[in-house]
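# Provided below are the primary sequence and the corresponding predicted coordinates.
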Amino acid sequence: MIGDEPVYIEQRGAELIHAPGMEELVRRYFALDHPLAEICATFPNDPAMQAASAHCRGMRIVRQPAWECVATFITSSMKQVAHIAQISHTLRCRYGKRVEWEGRGLFAYPTPESLARLDEVDLRACALGYRAKNLLGAARMIATGEVDLEAVARMDDEAARVELCRLPGVGPKVANCALLFGFERVRAFPIDVWIERVLRQIYFPRKRRVTASRLREFSASYFGPYGGYAQQYLFHYARTAWERDVRAPGKVDG
């Protein structure tokens, strides 16, 4: 499902195969209009970034529905990918809109309004743990209009980040993730455990004490107008080729 639209997509080699009538939806979701060559040309010309760019060639940042993106990152805290997917599946099946498609029942991600009507115990039953309180609080703030995601989409990056951080369970990292994937702010540079490790070991190798604030300032300026893309390339590279390659290309002083 993309939003509340059922979609069939299959990758065959370098092609995406989709059901008739879905081309524009698929094209938009996978950001096929993003000029990857131009984007990669803006990346810093340091060994690690260039190696990550080559390793992740062709990777794009998808355009997720804003609320689904915010909610998913709220529920992802301290969870493995498989657990995050299971939580999302459970929330969809229990509280999302059901859509019939080719004889199958598919479920959209539940709206803020549908979740706002629940109690915390309902969400804890979906294996959210302490995240249940945050998701419920965020859903209620958005359902009542206290935080307006459509208004957030019209704000500049910093104002949008501050507004998103008003939501329970949303700090700088989650806010930047939401901005990057849910609001197409491709300069947003989320710093999680993996990216912090990359930044410290590659860009600040001889500095023992580098504050989180310094890492944010460095990332916001060093990686340029498509910092979010640079972050994703570094993230995927670190997760898949860290021991083999990431330390080999050389280090950069921040």
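Okay, I see it. Numbering: from 1, shown residues only.
# Excluding chain neighbours, what is closest to Ala127?
Ile87 (5.8 Å; C-beta to C-beta, 6 or more residues apart in numbering). Just so you know, the C-beta spots here come from the backbone N, C-alpha and C atoms, and that holds for glycine as well.
# shouldn't the one you found be in contact with Arg124?
No: using C-beta atoms under 8 Å, Ile87 is not in contact with Arg124, being 11.3 Å away.
# neighbour count winner among these two?
Using other C-beta atoms under 10 Å, the more surrounded residue of Ile87 and Arg124 is Ile87, with 21 against 15.
# Number of residues surrounding Ile39?
Ile39 has 20 nearby residues by other C-beta under 10 Å.
# Regarding it, what is its secondary structure?
helix (DSSP: H, G, I helix; E, B strand; the rest coil).
# thought it was touching Tyr226?
Yes: counting by C-beta under 8 Å, Ile39 does reach Tyr226; the two are 4.6 Å apart.
# coming back round to it: next, the residue nearest to Ala127: phi, psi?
Ile87 adopts backbone torsions of phi -60, psi -50, taken as degrees, to the nearest 10.
# swap in Glu15?
phi -110, psi 150.
# ditto for Glu5
According to degrees, to the nearest 10, Glu5 has phi -100, psi 120.
# so which strand or helix has Thr10?
Let me fix one detail, which is that residue 10 is Glu and not Thr. strand 9-12 (DSSP states H and E).
# Pull the distance from that strand to the chain's centre.
Remark: strand 9-12 is offset 22 Å from the chain centroid, using C-alpha atoms, centre = their mean, to the nearest Å.
# the residue most distant from the middle of the protein, which is it?
What lies farthest from the middle of the chain is Gly103; by C-alpha atoms, centre = their mean that is 31.3 Å.
# if I look at it, how far off is Ala132?
Applying C-beta to C-beta, to the nearest Å, the value for Gly103 to Ala132 is 33 Å.
# before we move on, the earlier item: which neighbouring elements make contact with the strand holding Glu10?
Packed against strand 9-12 by the contact rule (3 or more C-beta pairs under 8 Å, 6 or more residues apart in numbering; DSSP states H and E) you find strand 15-18.
# Now do the same contact list for the nearest residue to Arg28 once chain neighbours are set aside.
Distances taken as C-beta to C-beta, 6+ apart place Arg63 nearest to Arg28, at 6.0 Å, with adjacent residues excluded. Counting by C-beta atoms under 8 Å, 6 or more residues apart in numbering, Arg63 touches Arg28, Tyr29, Ala31, Phe181, Glu184.
# Quick one: residues contacting the fourth one.
Listed by C-beta under 8 Å, 6+ apart, the contact set of Phe181 reads Ile61, Val62, Arg63, Gln64, Cys69.
# Using ChimeraX, define a selection of the buried residues within the residues you listed.
Only the buried entries of the contacts of Phe181 go into this ChimeraX selection, using 16 or more other C-beta atoms under 10 Å:
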select :61,63,64,69
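# Tell me which of the contacts of Phe181 fall in helices.
Among those, the members falling in helices (DSSP state H) are Cys69.
# can I get the contacts of Phe181 in TSV with distance to Leu91 and pLDDT?
Formatted as TSV, the contacts of Phe181 follow (distance: C-beta to C-beta, whole Å; pLDDT from 0 to 100):
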residue	distance to Leu91	pLDDT
Ile61	23	95
Val62	19	94
Arg63	21	95
Gln64	15	95
Cys69	14	96
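# now the contacts of Phe181 as TSV including distance to Asp156?
What follows is the contacts of Phe181, written out as TSV (distance: C-beta to C-beta, whole Å):
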residue	distance to Asp156
Ile61	19
Val62	23
Arg63	19
Gln64	20
Cys69	19
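# can you tell me which of the contacts of Phe181 lies nearest to Gln232?
Proximity of those to Gln232 (C-beta to C-beta) peaks at Ile61, which lies at 6.0 Å.
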